[in-house]
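> generate a structure from the sequence data that follows.
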Amino acid sequence: MEPPHPDWIVPDWPAPANVRALITTRAGGVSREPFASLNLGLRTADDPQAVAANRQRLRECLPQDPKWLRQVHGGGVVEADTLTNAPEADASVARRPNTVCAVLVADCIPVLLTDRAGTVVAIAHAGWRGIARGVVEHAVERMALPPDGLIAYLGPGIGPRAFEVGAEVRDAFLARDARAEAAFAPHAPGKWLADLFRLARLTLSRAGVRNVHGGALCTHSDARRFFSYRRDRVTGRMAALIWRAG
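Numbers count the residues shown, from 1 in each chain. Okay, the predicted model is just below:
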């Protein structure tokens, strides 16, 4: 699959031929600063007409309207095939062809999932709260397939040199799994640098998913290409999408 815009991302992962995935960047839209230019987030202070125009540009690249979610940094997962509105959830699963699972991101990691046969796809919005609340494991469980046969891709997210957190974040992860200690580096009194990609890989491993790709693109450090809430506060949202072509 060729990216519809040269700056957008088509994941480099060994997905089956019938699975399509796409991650937008901030390029290719009509929004003005500080949302320039392809802001897809309606829950921002951007002009709603600009967001609608941006979403229409994305829609032209897809087989159906994306199944948007009302993301709440939780662990909820829904079945995208039957959605008629945007429910409160942070992950979705699809089994029918052309159902487009989608999440919006601006530092949180989009976690894309499929099985080797391309029968089921899923996506999760994985910030630290979502990961701590089990959103990735819940998405894997909802796929209802042997996890050792799944393939995962970690899209752009805030990198380990930029994500400063308090001790309460580290404590929340250590309470779940002592191995999470390796994802935190001391930074300042009471502060730590957290490796969100490493935490996502750990939770995938705990869920039984071993075939994991991506996790190398930092939203915070690349202002030209990516929106970043932690960097800019007032900013747009990118989209990550996955669907079965047939």
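
> now the helices for the protein?
According to DSSP state H, the chain carries its helices in the segments 48-59, 128-132, 135-143, 167-176, 196-207, 229-232.

> output the contacting helices and strands for the second one.
This means helix 128-132. Packed against helix 128-132 by the contact rule (3 or more C-beta pairs under 8 Å, 6 or more residues apart in numbering; DSSP states H and E) you find helix 167-176, helix 196-207. C-beta here means a position set from N, CA and C on the backbone, and glycine is covered the same way.

> tell me the angle of the first one relative to helix 196-207?
When you say that, I think you mean helix 167-176. 20 degrees (axes from the mean of the first three to the mean of the last three C-alpha atoms, to 10 degrees).

> starting at the chain centroid, how far to helix 167-176?
22 Å (C-alpha atoms, centre = their mean, to the nearest Å).

> for Asp232, which non-adjacent residue is closest in space?
Excluding its sequence neighbours, the residue lying closest to Asp232 (C-beta to C-beta, 6 or more residues apart in numbering) is Pro34, at 6.3 Å.

> tell me the contacts of the one you found?
Pro34 makes contact with Asp232, Val234, Thr235, Gly236 under the criterion C-beta atoms under 8 Å, 6 or more residues apart in numbering.

> and the third one, how many neighbours does it have?
If you count neighbours by other C-beta atoms under 10 Å, Thr235 ends up with 25.

> per-residue pLDDT, the residue at the greatest distance from the centre of the chain?
Distance from the C-alpha centroid of the chain peaks at Pro189, with 30.5 Å (C-alpha atoms, centre = their mean). As summarised for this prediction, Pro189 has a pLDDT of 94.

> and the one 4 residues further on, by the same measure?
The predicted local distance difference test score for Leu193 is 98.

> skipping its backbone neighbours, what lies nearest the spatially most central residue of the chain in space?
With distances taken as C-alpha atoms, centre = their mean, Pro110 lies nearest the centre of the chain, 1.3 Å away. Closest residue to Pro110 apart from its sequence neighbours, by C-beta to C-beta, 6+ apart: Ala240 at 3.3 Å.

> for Leu196, same thing?
Gly157 is the one closest to Leu196 (C-beta to C-beta, 6+ apart), at 5.4 Å.

> repeat that for Arg96.
Excluding the flanking residues, the one nearest Arg96 by C-beta to C-beta, 6+ apart is Asp81, at 4.6 Å.

> against Gln56, how distant is the one you found?
Per C-beta to C-beta, to the nearest Å, Asp81 is found 23 Å from Gln56.

> more neighbours: the two, which one.
The neighbour comparison of Asp81 against Gln56 (other C-beta under 10 Å) goes to Asp81, with 15 against 10.

> hang on, the earlier thing: looking at the helices of the chain, which is nearest to Trp68?
Ranking the helices of the chain by proximity to Trp68 (C-beta to C-beta) places helix 48-59 first, at 8.9 Å.

> distance from the chain centre to the closest one, please.
On the basis of C-alpha atoms, centre = their mean, helix 48-59 sits 20 Å off its chain's mean C-alpha point.
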